[in-house]
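Student: Show me how the following folds:
(2 chains)
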Amino acid sequence: MLDLGRYIIFSLLSIFFSISSFSETRKFNIGKIATKQEVAGWDIDIRPDGLGAPKGSGDALSGEEVYAERCASCHGDFGEGIDRWPELVGGSGTLSSHDPVKTTGSYWPYASTIYDYVYRSMPFGEAQSLTYDETYKIVAYLLNMNDIIDEDFILSNENIGKIKMPNRNGFLLPDPRPDVKNLNGNPCMKNCNTPTKIIGKARDIDVTPEDEKS
Amino acid sequence: MAKEKKDIISRRSVIKAGVGLGALGLSSKSLLAKEANNKNLPPNVPEWTEILGDGVDVNPYGMPSEFESNVIRRNVEWLTASTESSVNFTPLQDLEGIVTPNGLCFERHHGGTAIINPIDYRLMINGLVDREMIFTLDDLKRFPQVNKFYFLECAANGGMEWKGSQLNGCQYTFGMVHNVQYTGVKLSDLIQETGLKNKAKWVLAEGSDSSGMTRSIPIEKIKDDCIIAWAMNGEALRPEQGYPIRLVVPGWEGNMWVKWLRRIEFGDKPYMTREETSKYTDLLSDGKARMFTWVMDAKSVITSPCPEKPVLQKGIHQIRGLAWSGRGKIKRVDVSLDGGKNWKTAQLHSPVLEKSLTRFTIPFEWNGEEMLLQSRAIDETNYVQPTIKELQNIRGVNSIYHNNSIATWLISKNGKVDNVRLG
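Tutor: Reported below is the predicted structural model:
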């Protein structure tokens, strides 16, 4: 009885404190507290350091089959991309060329991003239908196709934050703009020295869509 | 007699222009329809006067006049693999003032338009907060509200024009922008409900569409002016604009304005999502890429005349255009008729709001000569809209994003207008 009495008093106290703490810090008292289960179901992002990576694993060898079934119809058997669907493999050494090829191998700075993106939005139109292990397998397959890991390397939540991507140091921060000459709000107004020869016309390129409704 | 002659001339030039537009691939229907029916002109009684019109409720939700059927969003089919992950363009050339009608706001989806019953809508706030919380749509509407005009521009607006003039239209080269009045709750107010840990420096905004769109946003911006919006131009968000809730990130690239917003997570580091690493990073000529280039720099465009709006007759016309800056208010817009050699300052029309489209006009006279039309925006930070050459010299031609350079419209002797590149 005594214990129960203590328990009741403790409970009342804790209710009192929680209410008083709410009224102090919650200005409007709108909305409800999310449960751990609710958050867990929606909090699917993973960060470059691997934070948020769900428990699971997979290697490229087993990834090939999953990839062939779930990815290859758009991205091609070897990640080459079909029609205008993105290519996922190759492009190394092209970033400073006239025609840069930006793939998971040549451009993406973090392996975590591939996992995060594949899990949340792929296959296109069947978002969040892959299991954690299937996602690790697909990512391992892509990393292997891009010569970043071996085919028997077991990618997992333990090591996805440690994969070194080739273009990891290819990005510049912070934003340097405004990066053009500072004219301090006073650009040339009269007889300005600027070229006015026509060197190109969109009409000549002829890629502007026709209007079917005309 | 003189009047009759004038009518004929204007009708002929209209027909000629209509043919020109057809060749351009644009609708000639509305222009040809401008050929008047004499039975409806003075001194005759017009046909619509002789009969009763439709009663109320024929269109419970009103639509534009049938004669405006060419004022629509358009896409460029060859740009993308599927319409579900694609973009279309606002018909800026047909709009007046600064408000973009809701049905004409350009669309950019990565996994199609999510259809969400508002009863099933939930916004989750989690991570480095004192209380992880969930809000319904009704909950959100109980907070103090704000009503603000902001432009939203895709960072890739004009992205096809880096190497040269590619698309022959104002709509296709500038139409990834719109401007509406948002109603919503400031995120800084929502934070008061959840509390915030000191370590919270970044926010992940996440959509509930099939792409699960995610972007990282620094906490300073979140506290400054970001809004959780449920209405645009006085009515609920359109489905394609994120119904029932989208994030509003004033002055920053449109990709960050996550639609169908389901979750806001607070963390101590950026999340490096696909959209802020493999996309929306600006590749320079040396192969390095700028990252987190959020602000939309000052920009302007002449919306008439333009390739879709030829000059139909000689004499006085009004140049109309739009200017905007992600860094604040537009201070001034200059217009050139000779490709940038000489400039005149245009009139700005009120309201001139920060991070909002601003309307400018300036009269000009055309007597059949070639002209090279340009506009140049200056914002309140004294930033001057640059030429494409200036941008290319610094960034190369593979940036895709953040092309805010001055465009040139060539008016030819026949009144046709072309998107051209000067050099």
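
Student: For the rest of this, base every contact and every neighbour count on C-alpha atoms.
Tutor: Fine.

Student: Can you pull out the low-pLDDT segments for the chain?
Tutor: Answering for chain A, as no chain was given. For chain A, the stretches with pLDDT under 70 are A:1-24, A:212-214.

Student: wrong chain, I was asking about chain B
Tutor: Residues of chain B meeting the criterion pLDDT under 70: B:1-34.

Student: Which residue would you name as the spatial centre of it?
Tutor: B:V177 (1.5 Å; Cα atoms, centre = their mean).

Student: Do you have the helices of the chain handy? List them.
Tutor: I went with chain A, as the question did not name one. A:2-25, A:36-42, A:60-70, A:72-75, A:111-121, A:132-145, A:202-205 (DSSP state H).

Student: Please refer instead to chain B.
Tutor: Using DSSP H, helices in chain B cover B:2-24, B:29-32, B:137-141, B:170-174, B:187-194, B:219-225, B:274-277, B:388-395.

Student: Do the third one and chain A come into contact?
Tutor: Yes. Judged by Cα under 8 Å from any Cα of the partner chain, helix B:137-141 comes into contact with chain A through B:D139.

Student: Buried residues of that helix, list them for me.
Tutor: B:L137, B:L140, B:K141 (16 or more other Cα atoms under 10 Å in any protein chain shown).

Student: same question, the fifth one
Tutor: With burial defined by 16+ other Cα under 10 Å, the residues of helix B:187-194 counted as buried are B:L187, B:S188, B:D189, B:L190, B:I191, B:E193, B:T194.

Student: burial count for the nearest residue to the last one once chain neighbours are set aside?
Tutor: To tie it back to what came earlier, the one meant is B:T194. Leaving aside its chain neighbours, B:T194 sits nearest to B:R131 (4.9 Å; criterion: Cα to Cα, 6 or more residues apart in numbering or on different chains). Residues contacting B:R131 under the criterion other Cα atoms under 10 Å in any protein chain shown number 19.

Student: I figured B:R131 hits B:G195, correct?
Tutor: Yes. Between B:R131 and B:G195 there is a contact under Cα atoms under 8 Å: 6.5 Å.

Student: In contact with the closest residue to B:R142 other than its chain neighbours: list those residues for me.
Tutor: With Cα to Cα, 6+ apart as the criterion, B:R142 has its nearest non-adjacent residue at 7.6 Å, and that residue is A:I30. Neighbour list for A:I30: B:F135, B:D139, B:R142, B:F143, B:E193 [criterion: Cα atoms under 8 Å, 6 or more residues apart in numbering or on different chains].

Student: wait, isn't B:K148 in contact with B:T183?
Tutor: Yes. With contact defined as Cα under 8 Å, B:K148 counts as touching B:T183 (6.8 Å).

Student: the more surrounded of these two?
Tutor: Using other Cα under 10 Å as the criterion, B:K148 and B:T183 rank with B:T183 on top: 24 against 18.

Student: Beta-bridge partners for that one, please?
Tutor: Beta-bridge partners for B:T183, by DSSP bridges, are B:N147, B:A231.

Student: Can you give me the neighbour number for the nearest residue to A:K162 once chain neighbours are set aside?
Tutor: Once flanking residues are discounted, A:K162 sits nearest to A:D49: 7.2 Å by Cα to Cα, 6+ apart. Residues lying near A:D49 (other Cα under 10 Å) number 17.

Student: I'd assumed A:K164 was in contact with A:D49.
Tutor: No. Counting by Cα under 8 Å, A:D49 does not reach A:K164; the two are 11.2 Å apart.

Student: show me what contacts residue 149?
Tutor: If you meant another chain, say so; for now it's chain A. By Cα under 8 Å, 6+ apart, the neighbours of A:I149 are A:A140, A:L143.

Student: Not quite, go with chain B.
Tutor: B:F149 touches B:N179, B:V180, B:Q181, B:Y182, B:L353, B:K355, B:S356, counting by Cα under 8 Å, 6+ apart.

Student: Could you identify the most distant pair in these?
Tutor: B:Y182 and B:L353 (13.5 Å; Cα to Cα).

Student: So between those two, which is more surrounded?
Tutor: B:Y182 (25 against 16).

Student: thinking that one is in contact with B:A231, fair?
Tutor: Yes. At 5.6 Å, B:Y182 and B:A231 qualify as touching, with contact defined as Cα under 8 Å.

Student: Mind splitting chain B into its structural domains?
Tutor: B:2-70, B:103-290, B:299-420 (automatic domain parsing).

Student: Neighbours of A:K36, how many?
Tutor: 9.

Student: and what of the one 5 residues further on?
Tutor: A total of 8 residues lie near A:G41 under the criterion other Cα under 10 Å.

Student: ok now do B:D209, which residues does it touch?
Tutor: Going by Cα under 8 Å, 6+ apart, the list of residues near B:D209 reads B:G111, B:G112, B:T113, B:A114, B:K259, B:W260.

Student: Close to chain A as well: tell me which of the residues you listed qualify.
Tutor: Okay, of the contacts of B:D209 touching chain A (Cα under 8 Å from any Cα), that's B:G111.

Student: can you pick the most crowded of the contacts of B:D209?
Tutor: B:K259 (31 neighbours).

Student: right, and that residue touches B:A205 too?
Tutor: No. Using Cα under 8 Å as the test, B:K259 is too far from B:A205 to be in contact (9.4 Å).

Student: which neighbours do these two share?
Tutor: B:L247.

Student: in the lengthiest strand in chain A, what counts as buried?
Tutor: Longest strand in chain A by number of residues, with DSSP state E as the criterion: strand A:198-201. Applying a neighbour-count criterion of 16+ other Cα under 10 Å, one finds A:G200, A:K201 buried in strand A:198-201.

Student: close to chain B, is that strand?
Tutor: Yes. Shown here: strand A:198-201 in contact with chain B (Cα under 8 Å from any Cα) through A:I198, A:I199, A:G200, A:K201.

Student: Now residue 158. Nearest residue, chain neighbours left out?
Tutor: All of this refers to chain A. A:E158 sits nearest to A:G50 (Cα to Cα, 6+ apart), 7.6 Å away.

Student: Chain B was what I was after
Tutor: That would be B:T173: by Cα to Cα, 6+ apart, it lies 4.8 Å from B:G158.
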